[in-house]
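Novice: the sequence and its predicted three-dimensional model are supplied below.
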Amino acid sequence: MSMTTEKILEAVEKILTESKKLNRKFKENIDVVVNLKNIDMKLPKNRVDAEIVLPHGCGREAKIALFASGELALKSKKHVDLLVKPEEIEDLSKDKKKLKKIAEEYDFFIAEAPLMPVIGKTLGTVLGPRGKMPKPVPPNADISTMVKNLRKTVKLRSKSNTTFHTIAGNVDMPKEQIMENINTILTRLEGLLERGKMNIGSVYIKTTMGPSERII
């Protein structure tokens, strides 16, 4: 076990112990808080915007919405949480309140490729700023595998901030699984930064309402 891994495991144990003491009435998440350094976030190329498939998921399955018609819609209905057919797209564009609610409720959006231009034109103003623009479904893609991976995916998104966070699990998960999820996030983060580890100022982990522990 590497020194960093050992340190992460100790920190996870500590925040889980604190969480048990506080006995919250809801299931707390494990948050990973990143602080970057020596990087100009005004430059779009330096901003972090990634989706990471966690080896053990984040303790709850992400909710998936699909824009599709015909055979893809039929094939996929049992795999996704919401199916939006082409004829419903225009109605959604006219009902901004409903669209905003859907954008908040669902974690990831996917769409058959031919629908992407119309979605961008009609729904992009709501979905875009929230980082919820759909990913195109490649022709003949195995939709069940695509959805299965998305269910275990979290977003790591900085916008123009040097401090941002993501979720690495929840307090009911085994500490080893949380640690492996955190390691996956950190490895991916390093790979996204211009100078890798040198751009990471500090990283803390905490439960939703609990105190934080520094791991880097």
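Specialist: Perfect, I can see it now. Small disclaimer: the values here were computed from a predicted structure and weren't measured. Numbers count the residues shown, from 1 in each chain.
Novice: which helices and strands does the helix of greatest length in the chain pack with?
Specialist: Of all the elements of type helix in the chain, the one with the most residues (DSSP state H) is helix 3-22. Under the contact criterion of 3 or more Cβ pairs under 8 Å, 6 or more residues apart in numbering; DSSP states H and E, the helices and strands touching helix 3-22 comprise helix 175-192, strand 200-207, strand 212-214. From N, CA and C alone the C-beta is placed, and that goes for glycine too.
Novice: quick check: mean pLDDT of the first one?
Specialist: In this model, helix 175-192 has an average pLDDT of 97.
Novice: kindly report the same for the shortest one.
Specialist: Per-residue pLDDT values across strand 212-214 average out to 96.
Novice: tell me who's in contact with residue 99.
Specialist: Residue 99 sits next to 92-93, 123, 126-127 when contact means Cβ atoms under 8 Å, 6 or more residues apart in numbering.
Novice: make it 6 Å
Specialist: Residue 99 is in contact with 92, 126, counting by Cβ atoms under 6 Å, 6 or more residues apart in numbering.
Novice: next, it: secondary structure please.
Specialist: helix (DSSP: H, G, I helix; E, B strand; the rest coil).
Novice: how close does it sit to residue 50?
Specialist: Using Cβ to Cβ, to the nearest Å, residue 99 is found at 25 Å from residue 50.
Novice: how far out from the middle of the chain is the next helix or strand after the longest helix of the chain?
Specialist: Once helix 3-22 ends, the next helix or strand along the chain (criterion: DSSP states H and E) is strand 29-36. Put simply, strand 29-36 sits 13 Å off its chain's centre (Cα atoms, centre = their mean, to the nearest Å).
Novice: and stretch 136-147, by the same measure?
Specialist: Averaging C-alpha positions (Cα atoms, centre = their mean) puts stretch 136-147 19 Å from its chain's average.
Novice: run through who's touching it.
Specialist: Looking at what lies outside stretch 136-147 - Cβ under 6 Å, 6+ apart - the contacts are 64, 76, 79, 110, 112-113, 116.
Novice: burial count for residue 140?
Specialist: Close neighbours of residue 140, defined as other Cβ atoms under 10 Å, add up to 6.
Novice: give me phi/psi at it?
Specialist: When read as degrees, to the nearest 10, the backbone of residue 140 gives phi 60, psi 20.
Novice: quick revisit: export the helices and strands packed on helix 3-22 to CSV and append columns for mean neighbour count and distance to residue 16.
Specialist: As requested, those are arranged in CSV below (neighbours: other Cβ atoms under 10 Å; distance: least, Cβ to Cβ, whole Å):
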stretch, mean neighbour count, distance to residue 16
helix 175-192, 19, 6
strand 200-207, 19, 8
strand 212-214, 15, 10
